[in-house]
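> based on what follows, work out the 3D shape:
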Amino acid sequence: MAKVVSVSDALPASCLHACLLLAEAVRRAAVFPMSGRGVSSLLQAYLWPIGQALLTFPVLALLFTLPFLIVQYRKHGYVHKLRGLVLYSLLLYLLTALYLVILPLPETRSNCPPGAGTSGYVQSVPLQFVRDFLKETQFKPGVPSTYWGVLKERAFLQAAFNVLLFVPFGLILRYYFRRKLWISVAWSLLLSLLFEVTQVTGIYGIFECPYRLFDVDDLLLNTSGGLLGWLVAPWLTGFLPRIHKLDDEVDLTTVRVSYIRRLIAWQLDAVLLFAAFALFGLFGKPVAAAAVAGVYFIVLPYVTGGLTLGKAAVRIRLQGRGERPTLRELAMRYVPLYGIIGGMNYMVLSRKLEMLPPYVLTGWIFVLVPVNAAFALHVLLRLFRRDKGLFYEEWSGTKHVVSASGLKPRETNRPKPR
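Below is the predicted model of the structure:
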């Protein structure tokens, strides 16, 4: 990685990206020693950003989870654990690589040294790292006794780390995304170029001057690392199942629809209904709101064969005792859930009951609290008793199934990358 050029005063944290804010907060809490030229300080310079990536990764992973699940449900009809492991590993890798590029941050936005120009922040001579290596180390081409000591030299380690940084990227491009050699090399070059531009622009103008070099050798070494990762991928991933064959033995008709998947569909439907209520001014109008909810949850699934927009987004649908749910089954499912339980809560939240005598409101709350508690306990018990559905599913004879319509055929015959 490029060397730190300058550091100075105090930067308002509000101008940084969320991940940078978290990393900078940790940096300020724990003093990071940047002095020293030995190998230990070099290793410390790499290990510290890795530690910050591990600390902030859970936040990024949480934001990543919802789109990840939706894409997996849409593309494959279910979530395979190996796909999740690889993609979250890729996310952690990219975050770690970014932190290695940008951390530690300067302490001030006005980080320009006196009389600084832009030319001093660009190293445009290819293979300069070879000249630096020969100049800074005791390596002698014709003297084998000097070879072993090279492994401990800072110049060698810095170049080696730049190569190793992109090995995981090339490996994942071949194993998971199944990209060909030249495409993987091109993506490695583009990612390295993105990192170098991020450095030379002071994180795109956040800092007034660059605080690390744009080094053409980094482009060469990083791209070489991506190439090396692509080449060693078959050996390092040989014990893993092939990505394009993960779905060969999966029968979507037997895949259980998880409560998480149902919750995502419900959240999407709730957002759409909330937007509709706000657009047409239905808040505070319980009859109109109930009519819209009835059309959305009963009439729409009847017409579409068990689909709402939220269910369609995660590829699930309702099935009755027959292939398609009937109006009666849908009414028996949703009237108790949204009409009674949901309606009772809506009346309290919309403050409509405040216009009635106090004893009515008191009685309403007296009934609502145990109803909500019983429903919550019922759902909790069903989470551990997966062989039974919720009460309104048992009454109506409806259940969620995976909707396989529109899924692409399994790509079992797709040629391997060469």
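> rest of the way, CA atoms for contacts and neighbours
OK.
> for stretch 353-370, buried residues please.
Using 16 or more other Cα atoms under 10 Å as the test for burial, stretch 353-370 gives 361, 364, 368.
> among the residues you listed, name the ones in helices.
361, 364, 368 (DSSP state H).
> quick one: those residues as TSV, columns for distance to residue 177 too.
Converted to TSV, these look like this (distance: Cα to Cα, whole Å):
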residue	distance to residue 177
361	59
364	56
368	51
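> show me which of the residues you listed is closest to residue 98.
Nearest to residue 98 out of these is residue 368 (Cα to Cα; 50.6 Å).
> contacting residues for that closest one?
Residues near residue 368 by Cα atoms under 8 Å, 6 or more residues apart in numbering: 344, 345.
> distance of it relative to residue 113?
67 Å (Cα to Cα, to the nearest Å).
> ok, now residue 341?
The value you get for residue 341 to residue 113, if Cα to Cα is used, is 66 Å.
> over to residue 378?
66 Å.
> repeat that for residue 77.
Counting by Cα to Cα - residue 77 and residue 113 are separated by 56 Å.
> so these two - more neighbours on which side?
A count of neighbours by other Cα atoms under 10 Å puts residue 77 above the other of residue 77 and residue 113, at 22 against 13.
> do I have it right that that one meets residue 403?
Yes: using Cα atoms under 8 Å as the test, residue 77 is close enough to residue 403 to be in contact (7.5 Å).
> quick one: low-confidence parts of the stretch 1-150 of the chain?
Low-confidence segments of the stretch 1-150 of the chain (pLDDT under 70): 1-40, 42, 115-119.
> tell me the domain ranges of the protein?
Per automatic domain parsing, the structural domains of the chain span 13-109+123-245, 255-402.
> which stretches of the stretch 251-400 of the chain form helices?
Ranges of helices in the stretch 251-400 of the chain, per DSSP state H, counting those that start in this stretch, are 259-279, 286-294, 300-304, 309-313, 327-334, 343-349, 358-384, 391-396.
> wait, which of the ones you listed is closest to residue 320?
Closest approach to residue 320 among the helices of the stretch 251-400 of the chain (Cα to Cα): helix 327-334, 6.8 Å.
> coming back round to it: Serialize the helices of the stretch 251-400 of the chain to TSV and add fields for distance to residue 175 and mean pLDDT.
Formatted as TSV, the helices of the stretch 251-400 of the chain follow (distance: least, Cα to Cα, whole Å; pLDDT from 0 to 100):
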stretch	distance to residue 175	mean pLDDT
helix 259-279	27	91
helix 286-294	46	86
helix 300-304	39	96
helix 309-313	28	96
helix 327-334	45	96
helix 343-349	50	84
helix 358-384	35	90
helix 391-396	42	94
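> out of these, nearest to residue 219?
Judging the helices of the stretch 251-400 of the chain by Cα to Cα, what sits closest to residue 219 is helix 309-313, at 40.1 Å.
> name the helices or strands packed onto the closest one?
When contacts are defined as 3 or more Cα pairs under 8 Å, 6 or more residues apart in numbering; DSSP states H and E, helix 309-313 packs onto helix 259-279.
> swap in 10 Å and give it another go.
Under the contact criterion of 3 or more Cα pairs under 10 Å, 6 or more residues apart in numbering; DSSP states H and E, helix 309-313 touches helix 39-76, helix 259-279, helix 300-304, strand 316-319, strand 399-402.
> can I get the CA coordinates of it in PDB?
Output of helix 309-313 as PDB, limited to C-alpha atoms (Å, rounded to 0.1, in the frame of the first residue of the first chain):
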ATOM      1  CA  LEU A 309     -46.300  -7.100  -4.100                       C
ATOM      2  CA  GLY A 310     -44.300  -8.000  -1.000                       C
ATOM      3  CA  LYS A 311     -44.800 -11.700  -1.500                       C
ATOM      4  CA  ALA A 312     -43.900 -11.400  -5.100                       C
ATOM      5  CA  ALA A 313     -40.700  -9.600  -4.200                       C
END
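> to the chain's geometric centre, what's the distance from it?
Relative to its chain's centre, helix 309-313 lies at 21 Å (Cα atoms, centre = their mean, to the nearest Å).
> what's in contact with it?
By Cα atoms under 10 Å, 6 or more residues apart in numbering, the surrounding residues in contact with helix 309-313 are 70-71, 73-74, 261-272, 296, 300-301, 306-307, 315-318, 400, 402-403.
> who wins for proximity to residue 82 among the helices and strands packed on helix 309-313?
Ranking the helices and strands packed on helix 309-313 by distance to residue 82, with Cα to Cα as the measure, places helix 39-76 first at 11.8 Å.
> and the closest one, what's buried?
42, 45-46, 48-50, 52-53, 56-57, 60, 68-76.
> next, the angle from it to helix 259-279.
Inter-element angle recorded for helix 39-76 and helix 259-279: 80 degrees (by axes from the mean of the first three to the mean of the last three Cα atoms, to 10 degrees).
> and the very next helix or strand once past helix 39-76, how far out from the chain middle?
Using DSSP states H and E, the helix or strand that follows helix 39-76 towards the C-terminus is helix 81-102. Centroid displacement of helix 81-102 relative to its chain, using Cα atoms, centre = their mean, is 9 Å.
> and helix 81-102, what does it pack onto?
Using 3+ Cα pairs under 10 Å, 6+ apart, helix 81-102 is in contact with helix 18-29, helix 39-76, helix 167-175, helix 181-200.
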